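> have a look; sequence and predicted model below, questions after that.
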Amino acid sequence: MATITTEGFEPQGGSPAWRTAMELLSSMRFAIALLTIICIASVIGTVLQQHEPAVNYTNQFGPFWAEVFLTLKLNAVYSAWWFLIILAFLVVSTSLCIARNTPKIIADLKNYKENIREKSLQAFHHKAQGHLAGTPDAEAQRIGQMLAGGGWKVRLQERDAGADHKGWMVAAKAGGANRIGYIAAHSAIVLVCLGGLLDGDLIVRAQTWFGGKSVYTGGGLVSEVKPEHRLPENNPTFRGNLVVAEGSQSSTAILSQSDGVLLQELPFAIELKKFIVEYYSTGMPKLFASDIVIHDKATGEKEEARVEVNHPASFKGIQIYQSSFDDGGSRVKLRAVPMAAASKPFEIEGQIGGSSEITNGNEKLTLEYTGLRVINVENMTREGSGVDVRKVDLRQSLNDRLGAADKSVNKQELRNVGPSISYKLRDASGQAREFNNYMLPVDTGDGTPVFLLGVRDTPAEQFRYLRVPADEDGSMQGFMGMREALLDPAQRERAVHNYASKAVEPGRPELTEQLAISAARALNLFAGAEAIKGEQKGGLQAISDFMEEAVPEGEREKAAGVLLRILNGTLLELNTLSRQKQGKPPLAENEANGRWLNQAILALSDINFYPAPVAMELTDFTQVQASVFQVARTPGKTVVYLGCLLLILGVFAMLYVRERRLWVWLAPQGAGLAGTQAIMALSFNRKTLDADRELAQLRQKLLASP
């Protein structure tokens, strides 16, 4: 049998370096090395998120490794120049391997090897002998017909058997598809790689290298981008994203590159009539689809279509996929809630994706509207911190852990907590923080609804939330009125006076004055009106610093309890004054109002660390949906499909089809005896457990010998 070697093809002519290079390029070991590198690169491309902003890599891995990743193009592995070159070399190497071995395989498939010597059959591992009653020619015809009927390809050869006798060699073969599988599998690798090169960034990059196109790295409107950053409509292959808002249309796709973007002009425009989205109870999208109208630029014709996930539309050889959805420029109304003493409330309107200029005294800030989420489904389950062993239900505990695999011991309470607004506040130096505020108060489980005001310094961080309690009207006005009173020295003085008058029995003015001094000191510290250790901090941190500085360590615990009771009492009086100013009665003494007051005190303490002068409260919005389409012209898709089919057939043929060759030498009996002496040998391309059994079956069938 012809053997498939791992050595490459070495040309006869040319310099030694050329012959060595060609031998290496066409060798199987070189192809395997390239495959190994591609596999490693694919693992990197899977683990490392691709096409992320450079700042994300810096935040996650640090500036050194981020620079390494960007230099090696590991943030865009599949479009990196070195990956495309390796892929091209793999195509060339595998093609040379096929070209080198295919002629040998085809020649071997045509060769029955009927010229093998009869003595050589004795050297085979799988062999048998027998005596047949007929003449050699008759037995050769019989055996040949039986093998042909069993799917073997047979060739008969008459040759001299000595002493003027003629013998017959029956040569048969089966399972030649095993060798065809080698060609099919290796051709599949070439086709898949070619399809990947066609549908990858190679042609797009070729236009930037040789076609006068360049990557766009700036910002602004799409209509303002110059022609050198735009690819023509007849671009043979591309894959990009297209964002279309409801009621609008677009005909320019964005192709993300490792160092910027390119704009791809389409031969049609997509108009989004309506975007449809449905949600599961978990808040995950169950269905999102787009009703679109395709406007042909050449003819002006219109074609309506519906695009869903896994159900794309097609027009002029370009596939339109439903990729995702986004905000299409929703209008929002915001109310600025003062977080700093000098800030004032105001109202402002904006559009998602836009920005507004606001001022905080002499400081100018840019308010960037980044996102609006109408639905926010959160898990509001509160897990207990301990278990009462007297209340353990063993049967229920076992049932929770046995049965179906989808059972979960952790119960979930999923609840839609309403809309939220995301925005950034950017200062004059360009530094920005990101904020995420919920429109409606959220009950986090303790019975006190709170407004969640989130902030984070970088996208890599989680949001930290300030919890502002909602009053009986479901607004922040009760809390903000209390904070306004806390910042007013006159209101603080009145609250201290009212508290001291109520806390001390009449007729003891000296105790009243002493308590008033302590209460004023505590309230001023909490309000940030007095400096501790040279800093005006405010909140519970200021109380803590005061205790460390003014009270001996052994007496701090007792003094802290007294001081906090005084602080709670004065803050309650302060809240009463604030409610009187708003025309509301004082809070009734009950558990719910006690929880509200405790949460208000915590929020008044934490508000000192809020890193912005105002928090933007969402008061109203008009939602505009947008659909994100992926548009692709993929001529290599058919090539890849063909390669996958060949790969399946080739692997199946190589694994499950055994190549076998059979020889039967038929010669007359010597010494004047009648009949025929038969020698049979069987050869396999690989040893299996069925080899001996198949030899026994053929011996029984062909040689009629048990």
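Arrived safely, thanks for sending. Predicted model, so just to flag it, every value in this text is computed and none were measured.

> just for the stretch 601-706 of the chain, where's the confidence low?
671-672, 705-706 (pLDDT under 70).

> what's the answer for the stretch 351-500 of the chain, then?
361, 379-413.

> if we go to 50?
383-392, 394, 398, 401, 404-406 (pLDDT under 50).

> do a quick rundown of the strands in it.
355-360, 363-373, 377-379, 414-416, 420-426, 432-438, 442-443, 449-456, 464-469 (DSSP state E, counting those that start in this stretch).

> columns mean neighbour count and distance to G218 on top of the ones you listed, output as CSV?
All C-beta atoms are positioned from the backbone trio N, CA, C, and that covers glycine. Shown next, in CSV, are these (neighbours: other Cβ atoms under 10 Å; distance: least, Cβ to Cβ, whole Å):
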stretch, mean neighbour count, distance to G218
strand 355-360, 14, 17
strand 363-373, 17, 18
strand 377-379, 14, 38
strand 414-416, 14, 40
strand 420-426, 20, 18
strand 432-438, 20, 19
strand 442-443, 16, 40
strand 449-456, 20, 27
strand 464-469, 20, 33
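
> let me have those strands in JSON lines, extended by distance to V614.
Below are these laid out as JSON lines (distance: least, Cβ to Cβ, whole Å):
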{"stretch": "strand 355-360", "distance to V614": "7"}
{"stretch": "strand 363-373", "distance to V614": "9"}
{"stretch": "strand 377-379", "distance to V614": "25"}
{"stretch": "strand 414-416", "distance to V614": "27"}
{"stretch": "strand 420-426", "distance to V614": "8"}
{"stretch": "strand 432-438", "distance to V614": "10"}
{"stretch": "strand 442-443", "distance to V614": "21"}
{"stretch": "strand 449-456", "distance to V614": "11"}
{"stretch": "strand 464-469", "distance to V614": "13"}
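
> can you name the element that comes right after the strand or helix carrying S544?
For S544, the host element (DSSP states H and E) is helix 539-550. Remark: after helix 539-550, the chain's next helix or strand is helix 556-581, criterion DSSP H and E.

> which strands and helices sit next to that next one?
Packing partners of helix 556-581 (3 or more Cβ pairs under 8 Å, 6 or more residues apart in numbering; DSSP states H and E): helix 477-486, helix 489-503, helix 509-527, helix 539-550, helix 591-606.

> burial measure for A66, as a count.
Neighbourhood size, A66 [other Cβ atoms under 10 Å]: 18.

> which strand residues bridge E434?
Beta-bridge partners recorded for E434 (DSSP bridges): K424, R456.

> picking that back up, right, so of the helices and strands packed on helix 556-581, which gets closest to N111?
N111 lies closest to helix 591-606 among the helices and strands packed on helix 556-581, at 87.0 Å (Cβ to Cβ).

> can you give me how far the closest one is from the chain middle?
41 Å (Cα atoms, centre = their mean, to the nearest Å).

> can you mark which positions in it are buried?
Going by neighbour count (16 or more other Cβ atoms under 10 Å), the buried part of helix 591-606 is 593, 596-597, 599-606.

> over to stretch 551-565?
For stretch 551-565, by 16+ other Cβ under 10 Å, it's L563.

> state the mean pLDDT of it.
Mean per-residue pLDDT for stretch 551-565: 85.

> offset the numbering so it begins at 47, please.
Sure, I'll start numbering at 47, so the last one becomes stretch 597-611.

> what comes into contact with it?
564, 568, 589, 593-594 (Cβ atoms under 8 Å, 6 or more residues apart in numbering).

> just the helices and strands packed on helix 602-627: most buried one?
Neighbour counts (mean count of other Cβ atoms under 10 Å) averaged over each of these peak at helix 523-532, with a mean of 21.

> got the CA coordinates for that helix in PDB?
Extracted in PDB, the C-alpha atoms of helix 523-532 (Å, rounded to 0.1, in the frame of the first residue of the first chain):
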ATOM      1  CA  GLN A 523     -39.100  65.500  49.600                       C
ATOM      2  CA  GLY A 524     -39.400  64.400  53.200                       C
ATOM      3  CA  PHE A 525     -35.700  63.400  53.300                       C
ATOM      4  CA  MET A 526     -34.500  66.500  51.400                       C
ATOM      5  CA  GLY A 527     -36.500  68.800  53.700                       C
ATOM      6  CA  MET A 528     -34.800  67.100  56.700                       C
ATOM      7  CA  ARG A 529     -31.400  67.600  55.100                       C
ATOM      8  CA  GLU A 530     -32.200  71.300  54.300                       C
ATOM      9  CA  ALA A 531     -33.100  71.800  57.900                       C
ATOM     10  CA  LEU A 532     -29.900  70.100  59.100                       C
END
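
> top helix in the chain by residue count?
helix 127-156 (DSSP state H).

> could I get the CA-only coordinates of whichever helix or strand comes after that helix as CSV?
Sequence-wise, the next helix or strand downstream of helix 127-156 (DSSP H and E) is strand 172-178. C-alpha atoms of strand 172-178 as CSV (Å, rounded to 0.1, in the frame of the first residue of the first chain):
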residue,chain,number,x,y,z
HIS,A,172,-3.4,-13.2,8.2
LYS,A,173,-3.2,-16.1,5.8
ALA,A,174,-4.9,-19.5,5.1
GLN,A,175,-4.6,-22.5,2.8
GLY,A,176,-7.0,-24.9,1.3
HIS,A,177,-7.7,-27.6,-1.3
LEU,A,178,-10.4,-27.0,-3.9
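
> how does this structure divide up, domain by domain?
In the assignment given by automatic domain parsing, the structural domains of the chain cover 62-154, 158-221+704-748, 250-282+284-374+672-679, 524-664.

> in a markdown table: the ones you listed, plus distance to A388.
Output for the domains of the chain, formatted as a markdown table (distance: least, Cβ to Cβ, whole Å):
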| stretch | distance to A388 |
| --- | --- |
| domain 62-154 | 32 |
| domain 158-221+704-748 | 85 |
| domain 250-282+284-374+672-679 | 33 |
| domain 524-664 | 7 |
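
> now the spatially most central residue of the chain, what's its secondary structure?
Ranked by distance to the mean C-alpha position of the chain (Cα atoms, centre = their mean), the top residue is Q95 at 7.3 Å. Following DSSP: H, G, I helix; E, B strand; the rest coil, the label given to Q95 is coil.

> helix or strand right after the longest strand seen in the chain?
What stands out as the longest strand in the chain, according to DSSP state E, is strand 306-325. For strand 306-325, the following helix or strand on the C-terminal side (DSSP H and E) is strand 331-342.

> which elements pack onto that next one?
strand 295-303, strand 306-325, strand 348-354, strand 359-361, strand 364-373, strand 671-679.

> of all those strands, which gets the most neighbours per residue?
Ranked by mean neighbours (mean count of other Cβ under 10 Å), these are led by strand 671-679, with a mean of 21.
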